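S.K.: Provide a 3D model corresponding to the input given below.
(one chain, ligands or ions: 1)
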Amino acid sequence: MKRTRSIETACVQAGWTPKKGEPRVLPIYQSTTFKYDTSDQMGKLFDLEEEGYFYTRLQNPTNDMVAAKIAELEGGVAAMLTSSGQAANYYAIFNICEAGDHIVSSAPIYGGTFNLFGVTMKKQGIDVTFIDPDASEEEISKAFRPNTKALFAETVSNPSLVVLDIEKFARIAHSNGVPLIVDNTFATPINCRPFEWGADIVVHSTTKYMDGHAMAVGGCIVDSGNFDWDKYGDKFHGLTTPDESYHGIIYTKKFGKAAYITKATVQLMRDLGSIQSPQNAFLLNVGLETLHLRMQRHCENAQKVAEYLNSNDKVAWVNYSGLPDNKYHELAMKYMPNGTCGVISFGLKGGRDVSIRFMDNLKLAAIVTHVADARTSVLHPASHTHRQLSDEQLIEAGVQPDLIRLSVGIENVDDIIADIEQALNA
Ligand code: PLP
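M.R.: Numbering: from 1, shown residues only. This next block holds a predicted model:
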């Protein structure tokens, strides 16, 4: 979609646009249900003949306003909020896959998504092949099968910080007749807009930078409206053939570019739930209003911290694409010239045990599972988020056993560095 105002203005003003006498601030529609005058009016909503709200499990005005803001930030045609990032990733795939299907996914991704694809979705009959995102197009294409329905990757992977070559992935997906679905949680649309590089669907854990204050778990799926589902109608028959649960409507025929999101809303949300609460959507919207300011500060601070760590002789290695000698520096400069995110990973000389002791000595930075909010935080993935993975899977997911994930916040950077220094010296 063509942008009509700058992204900073959209952060503040997109979504809820009050009319005369309406509240300036997005209202919370704290209501499960919505009133109609006649049975016929309500019936039309159930048949998708008319647009409107009837039950918050499917749609709620507060959620829709926030989804519309995120759709505008990403440059998509429509979006849907979910109760978590996990739900967003699950729905994004399940909306076009069923038992007997297969997906190809980049291996270095968030541990929860790795488990979702590799364990839980397998139990539902959806198979996955994990690939090395740095492999050649030919090599990655070998993973595709006739029943492959999507290619998945993270724009900046958690916690390995691999920067995705989005154009390469889009070419691979499209030459194999499937959409590219990317998780843009770490970069956010402030730093990277994957649709501009050929991605078809974007997912977010809004729990992270978008909310930005560690207040509300949430997720979002955004549709670019660009993938031609009808071109591969047999493959994506859920979108291109009649849905008997809605008296035979065909999503691509009735909803055009919004077919994918409409199906996710009226079919998956109806049947599986996982809505974001309007309260959480309200908090998310407050976070989004300052996303552009916070991302800038996160990136500035992370760059300085990465440079500090890189010059400290107690540090064994630092991974941050803002460092010129980083493997992903060039890709980061191409896709995210204003910075990638505030997350850095590094290891200390002495290995795993020293890394853990260092973390215990931090005072300003807290040990929390969470990442990507205003407060500096730290985590040892091998002991925490990625604990369920075997050593082999850890390496496949790009996680060294000694890897410390530092989520640099928006405090004064000198204070953050002083805290790291005292913990290194302790
Ligand atoms: N995607 C990424 C990149 C993540 O980092 C996370 C969580 O850390 C998720 C998805 C899952 O999101 P949530 O915790 O909101 O379910």
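S.K.: Show me the contact partners of whichever strand or helix holds residue 330.
M.R.: Element membership for residue 330 (DSSP states H and E) is helix 329-335. The contact list for helix 329-335 (CB atoms under 8 Å, 6 or more residues apart in numbering) reads 155, 163-166, 187, 192, 197, 321-323, 326, 340. Any C-beta I mention is one placed from the backbone N, CA and C, and that applies to glycine too.
S.K.: so which of those comes closest to the ligand?
M.R.: residue 155 (8.9 Å; CB to the nearest ligand atom).
S.K.: what about residue 245, distance to residue 261?
M.R.: Relative to residue 261, residue 245 is positioned 17 Å away (CB to CB, to the nearest Å).
S.K.: Just want to know which of the two has more residues nearby.
M.R.: residue 261 (24 against 11; other CB atoms under 10 Å).
S.K.: part of a helix, is that one?
M.R.: Yes. Judged by DSSP: H, G, I helix; E, B strand; the rest coil, residue 261 forms part of a helix.
S.K.: I'd say it and residue 221 touch.
M.R.: Yes. With contact defined as CB atoms under 8 Å, residue 261 reaches residue 221; the gap is 6.9 Å.
S.K.: any common contacting residues for these two?
M.R.: 79, 80.
S.K.: what ranges do the strands span in the stretch 301-426 of the chain?
M.R.: Assigned by DSSP state E, counting those that start in this stretch, the strands in the stretch 301-426 of the chain fall at 315-319, 343-348, 366-367, 377-379, 404-407.
S.K.: Any idea which of those gets closest to residue 241?
M.R.: Shortest separation from residue 241 across the strands of the stretch 301-426 of the chain is recorded for strand 343-348, at 42.3 Å, computed as CB to CB.
S.K.: Could I get the CA-only coordinates of that closest one as PDB?
M.R.: Extracted as PDB, the C-alpha positions of strand 343-348 are listed here (Å, rounded to 0.1, in the frame of the first residue of the first chain):
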ATOM      1  CA  VAL A 343      19.300  -6.700  21.100                       C
ATOM      2  CA  ILE A 344      22.900  -7.800  21.300                       C
ATOM      3  CA  SER A 345      24.400 -11.200  21.900                       C
ATOM      4  CA  PHE A 346      27.800 -11.900  23.200                       C
ATOM      5  CA  GLY A 347      29.900 -14.500  25.100                       C
ATOM      6  CA  LEU A 348      32.600 -14.000  27.800                       C
END
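S.K.: returning to that earlier point: what residues sit buried inside the helix holding residue 330?
M.R.: For helix 329-335, burial by neighbour count (16 or more other CB atoms under 10 Å) applies to 331, 332, 335.
S.K.: Please apply the same query to stretch 228-243.
M.R.: Buried-residue list, stretch 228-243, by 16+ other CB under 10 Å: 229, 232, 235, 236, 238, 239, 240, 243.
S.K.: Leaving out sequence neighbours, find the closest residue to the fourth one.
M.R.: Closest residue in space to residue 236, ignoring its immediate chain neighbours: residue 229 at 4.5 Å, by CB to CB, 6 or more residues apart in numbering.
S.K.: Alright, I will stop here.
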